[in-house]
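Colleague: pasted the sequence and its predicted model underneath.
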Amino acid sequence: MRSVSLCAVVGIVVFLLATLVACEFDDGVEIYTEEPGNEPGDDDSDDDIDDDAPDIFSYEIIVHEHHGARTGIATGRFDKPSFEYDLIPVEEKFTHVMSFQVSPMAPPHLGAVASHGPLILYADDGETIVFSPLDQFFESVVNFRRGNIVSGVAGEIDAIPAGWTHRFILARGRGINAAVEYWGDLMRAEHGKARPDRYADVGLGYLGYWTDNGAYYYYQTEPGMNEADTLLAVKDDADTRGIPYGYLQLDSWWYFKVPGLISPGGLIRWEPIPAMFPDGLAAFQDELGLPLVLHNRWFASENDYRDEYEFVEEAEMAMPLSRDVYDEFMANAVNWGAATYEQDWLFAQWDGMSYLREAPGRTAEWMSWIDGAAGDAGLTTQWCMASPGHLLDVVDRSSPTTARTSIDYRRDVSKESFWPQFHTTSMIAWALGVWPFKDNFWTTERAGEAEALISTLSAGMVGVGDRVGEADVEIIGRTCRADGLLLKPDRPAAPIDAMFFDHRRPYTVHTWSDRGKLGRWHYAAAFHLAREHPQRTALDRIWPYVSYGLQDAGSMFVFPEQVTDLHLDLPRELGATGEYVVFDWRSRTAWQPLDVTHWPSIPDLYDFAYFVVAPVWPNGLALIGEVEKFVTVADRRFVSMELAGEAVNVDLAGVPGETVSVWVYDAIAGAMQAPYEATIGGDGKASITVAR
């Protein structure tokens with residue numbers, strides 16, 4: 001069976017080579033559709049569907065070509081299209097609807113809302129439709145109304161030029177995860193977008209220290225210290241206690257902004273405030289010895305760049321009319337020792353500047369300036385507070401490696417306001433070719449270990465935000481090697497498909513490490529999220545309303561009243577077929593299950609259970625791996641493995657002197673073997689032989 005990505009490429013080629021069927025309508029829009037037929041899909045998804053159903057994936061591309069120019073068409077509201085295309089009816093069985101809200105971090109919504117897309121429709125049997133624009137992302141609006149897909153031109157667009165083309169794609173397949181991945185492959189193939197490597201930059205590759213909202217040093221320093229001294233103290237403490245930070249993020253507190261009574265306003269000048277860094281940012285970075293991730297926000301309407309560059313100015317914000325100012329920013333960032341430029345407040349800028357929303361191409365051009373300036377300077381970028389349009393736009397950009405897909409972190413509160421939304425929106429970000437970032441976390445909060453696990457299983461950045469001297473070294477050590485190199489799965493963890501239907505189960509997510517012929521190691525985590533749990537506080541209950549514009553948490557994910565169902569179907573929900581061993585990471589126990597196994601009791605709210613599901617090899621051995629780490633068989637630790645009769649030869653990588661403990665289960669004896677110990681040599685390598 002061919003992979004999904006191959007199907008995507010084949011489908012696009014078919015589309016480009018096929019003869020298009022055209023029909024002319026009185027409104028002056030010519031519509032082309034192409035139905036290339038069914039394509040086989042990838043059966044590696046997290047689906048909870050009848051295995052006897054066919055593995056069928058298909059798509060069509062709908063092209064709207066406007067023959068004549070249109071002016072004065074704006075309705076004044078994004079959600080009321082300035083031009084609406086013909087409705088697309090779908091079968092009655094598609095009773096489940098999921099949208100992504102046009103708001104910061106594109107949170108999901110279990111229902112129909114006007115959005116840039118994608119729109120996801122799914123039936124009780126798991127068949128799924130994913131519909132979105134294929135281009136003109138910021139100019140698009142999609143919705144679902146009375147059994148029909150609605151598409152059109154966003155309501156604030158006031159003019160369309162003659163010959164303007166607007167394309168949409170409808171992908172269809174079995175399983176929610178599988179269909180979203182298939183849709184993403186089609187999108188990226190059409191735009192020539194390569195997904196960046198999991199280790200594409202220092203932020204993706206190494207443990208980091210963050211100072212953004214929710215971190216201890218967000219607009220705060222140690223008593224008697226300025227910002228530079230405080231962060232140097234963080235680094236000194238980390239070195240002393242063996243915390244291997246690989247970079248440091250500086251958030252919005254370090255540059256000049258409009259002062260505000262509640263929170264600061266727009267950017268005045270993107271340069272360090274001298275009182276914070278008396279010797280300058282370059283000197284600070286040199287003393288720190290770590291690369292930087294540098295944050296930026298929107299331009300104030302009265303900023304220091306207006307005399308140097310052309311801007312359009314509105315009441316609260318301004319927008320440059322060329323990329324020149326971003327070239328200046330990126331050159332400065334390189335001189336200051338930055339590796340990544342973080343563009344924050346993306347939704348706020350799009351929403352706050354009517355200029356960006358009134359004519360086709362303006363927002364995409366703005367994004368291209370940031371992307372091009374960063375890429376030419378050798379920097380990567382992170383998108384933060386992205387709307388669905390910004391996530392879709394990633395397929396046309398080369399510098400973004402990560403996107404924040406969670407609202408700003410808050411310790412010890414309402415994890416139902418953070419974790420499910422993060423995992424769901426991460427599915428979209430990853431499908432489109434950017435790695436998700438959960439935001440910083442405190443290892444010392446009540447759910448600190450769960451936060452670290454979620455960050456690690458995201459396969460994206462892992463960022464710590466504890467106060468100096470307080471970070472939990474043991475929890476941090478589970479995320480990375482001794483040099484700070486993150487030990488990751490192959491892809492971001494996503495909710496299993498069962499999470500999108502009514503249930504009374506813990507919130508369950510899944511990812512894996514694939515080692516080719518030697519099999520796939522599955523990582524599944526279950527979190528106790530329940531509406532009526534007695535430990536859920538009044539603050540927990542009110543937090544989603546505060547964070548999401550008076551929305552209930554249950555409008556964004558299936559939120560059970562209580563958790564009473566602890567089953568996990570390994571082949572149907574994880575795709576783990578064949579002979580496997582389940583290893584309970586917390587209790588350090590292992591067993592060989594039938595198809596269905598069960599989570600241990602998770603009595604406390606926001607607590608978790610975690611399984612490693614390891615394949616049994618023909619010789620009866622199952623490598624559990626390095627159980628001190630969350631990802632026990634990461635490819636940056638277990639660089640190669642080879643079966644040799646009754647034994648397995650394993651090559652390891654790490655820091656010279658680092659000790660690696662490798663656990664193995666003997667399926668023939670039905671017991672765990674004594675751990676194998678290996679010490680990494682001076683060349684950063686070690687080898688062991690595992691035998692029965």
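Modeller: Right, received. Where do you want to start?
Colleague: just the mean pLDDT for stretch 30-49, thanks.
Modeller: The average of the pLDDT scores along stretch 30-49 is 46.
Colleague: ditto for stretch 597-614
Modeller: With pLDDT averaged residue by residue, stretch 597-614 scores 98.
Colleague: got the buried residues for it?
Modeller: Along stretch 597-614, the positions that meet the burial threshold by neighbour count (16 or more other CB atoms under 10 Å) are 597, 599, 602, 605-614. Yep, even glycine has a C-beta here, placed from its N, CA and C like the rest.
Colleague: same deal with stretch 329-342?
Modeller: For stretch 329-342, the neighbour count (16+ other CB under 10 Å) marks 329-330, 332-333, 336-342 as buried.
Colleague: list the contacts of it.
Modeller: For stretch 329-342, the external contacting residues (CB atoms under 8 Å, 6 or more residues apart in numbering) are 201-203, 247, 249, 270-272, 281-282, 285-286, 291-296, 370, 373-374, 376-382, 384, 401.
Colleague: put the alpha carbons of it into CSV.
Modeller: Provided in CSV are the C-alpha atoms of stretch 329-342 (Å, rounded to 0.1, in the frame of the first residue of the first chain):
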residue,chain,number,x,y,z
PHE,A,329,15.3,43.5,12.4
MET,A,330,16.9,40.3,11.2
ALA,A,331,20.3,41.9,10.7
ASN,A,332,20.2,43.1,14.3
ALA,A,333,18.9,39.8,15.5
VAL,A,334,21.9,38.0,14.0
ASN,A,335,24.3,40.6,15.5
TRP,A,336,22.7,40.0,18.9
GLY,A,337,23.2,36.2,18.7
ALA,A,338,19.7,35.1,17.8
ALA,A,339,18.9,31.8,16.1
THR,A,340,15.1,32.3,15.8
TYR,A,341,12.8,35.3,15.4
GLU,A,342,9.5,34.9,17.1
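Colleague: show me where this structure has helices.
Modeller: Defined through DSSP state H, the helices belonging to the chain, from first to last, are 4-17, 176-191, 202-205, 227-241, 281-288, 324-335, 346-352, 354-357, 362-376, 388-393, 419-432, 448-457, 473-477, 538-547.
Colleague: so which of those gets nearest His522?
Modeller: In terms of CB to CB, the element of the helices of the chain nearest to His522 is helix 448-457, at 11.3 Å.
Colleague: need the contact partners of the closest one.
Modeller: Taking CB under 8 Å, 6+ apart as the criterion, the residues outside helix 448-457 that touch it are 415, 419, 422-423, 438, 441-443, 445, 461-463, 472, 475-476, 478-479, 486-489, 492-493, 509, 511, 523, 525, 527, 606-608, 610, 630-631.
Colleague: centre of the chain to that helix, how far?
Modeller: Average the C-alpha atoms of helix 448-457, do the same for its chain, and the two points are 14 Å apart (CA atoms, centre = their mean, to the nearest Å).
Colleague: and Ala553, what does it touch?
Modeller: Applying CB under 8 Å, 6+ apart as the definition, the contact partners of Ala553 turn out to be 414, 416-417, 420, 531, 544, 559.
Colleague: re earlier: state the pair within the buried residues of stretch 597-614 that is farthest apart.
Modeller: For the buried residues of stretch 597-614, the farthest-apart pair by CB to CB is Leu605 and Ala614; their separation is 29.7 Å.
Colleague: now the closest residue to Trp617 other than its chain neighbours: how far from Trp366?
Modeller: Using CB to CB, 6 or more residues apart in numbering and skipping the chain neighbours, the partner closest in space to Trp617 is Leu643 (6.1 Å). In this view, Leu643 and Trp366 are 53 Å apart by CB to CB, to the nearest Å.
Colleague: then Ser151?
Modeller: As judged by CB to CB, Ser151 and Trp366 stand 24 Å apart.
Colleague: then Tyr507?
Modeller: Noted for Tyr507: a distance of 37 Å to Trp366, by CB to CB.
Colleague: now do Gly205
Modeller: When CB to CB is applied, the distance between Gly205 and Trp366 equals 29 Å.
Colleague: same deal with Ile61?
Modeller: When Ile61 is compared with Trp366 (using CB to CB), they lie 26 Å apart.
Colleague: do the same with Ser587
Modeller: Relative to Trp366, Ser587 is positioned 52 Å away (CB to CB).
Colleague: the two: which is more packed in?
Modeller: In terms of neighbours (other CB atoms under 10 Å), Trp366 is the more surrounded of Ser587 and Trp366; the figures are 23 against 10.
Colleague: in terms of contact, does the more buried one touch Leu321 like I think?
Modeller: No - look at Trp366 against Leu321 with CB atoms under 8 Å: they stay out of range, at 9.4 Å.
Colleague: okay, and the beta partners of Arg172?
Modeller: Ser58, Ile129 (DSSP bridges).
Colleague: per-residue pLDDT of it, please?
Modeller: Residue-level confidence at Arg172 comes out at 97, pLDDT.
Colleague: go on, Arg692?
Modeller: Value listed for Arg692 in the pLDDT field: 82.
Colleague: need the nearest residue in space to it, chain neighbours excluded.
Modeller: Distances taken as CB to CB, 6+ apart put Glu646 closest to Arg692, at 5.3 Å, once the chain neighbours are dropped.
Colleague: hang on, the one you found packs against Val690?
Modeller: No - here Glu646 does not reach Val690: they are 9.8 Å apart, not a contact under CB under 8 Å.
Colleague: more neighbours, those two?
Modeller: Val690 (21 against 12).
Colleague: rewinding a little: residues touching the residue nearest to Arg692, list them.
Modeller: The contact partners of Glu646, by CB under 8 Å, 6+ apart, come to 619, 691-692.
Colleague: filter those down to just the buried residues.
Modeller: Buried by 16+ other CB under 10 Å: 619, 691, out of those.
Colleague: nearest to Gln673 among the contacts of Glu646?
Modeller: Closest to Gln673 out of those is Arg692 (8.1 Å), distances taken as CB to CB.
Colleague: can you measure across stretch 558-574, start residue to end residue?
Modeller: 19 Å (CA to CA, to the nearest Å).
Colleague: buried ones in it?
Modeller: By neighbour count, with 16+ other CB under 10 Å as the criterion, the buried positions of stretch 558-574 are 558-560, 563, 566, 568, 570, 572-574.
Colleague: can you check stretch 523-532 too?
Modeller: Burial within stretch 523-532, assessed by neighbour count using 16+ other CB under 10 Å, is assigned to 523-531.
Colleague: now the terminal residues of that stretch, how far apart.
Modeller: Stretch 523-532 has its terminal residues 28 Å apart, counting by CA to CA.
Colleague: in the chain, which residue is closest to the centre?
Modeller: Pro436 (2.1 Å; CA atoms, centre = their mean).
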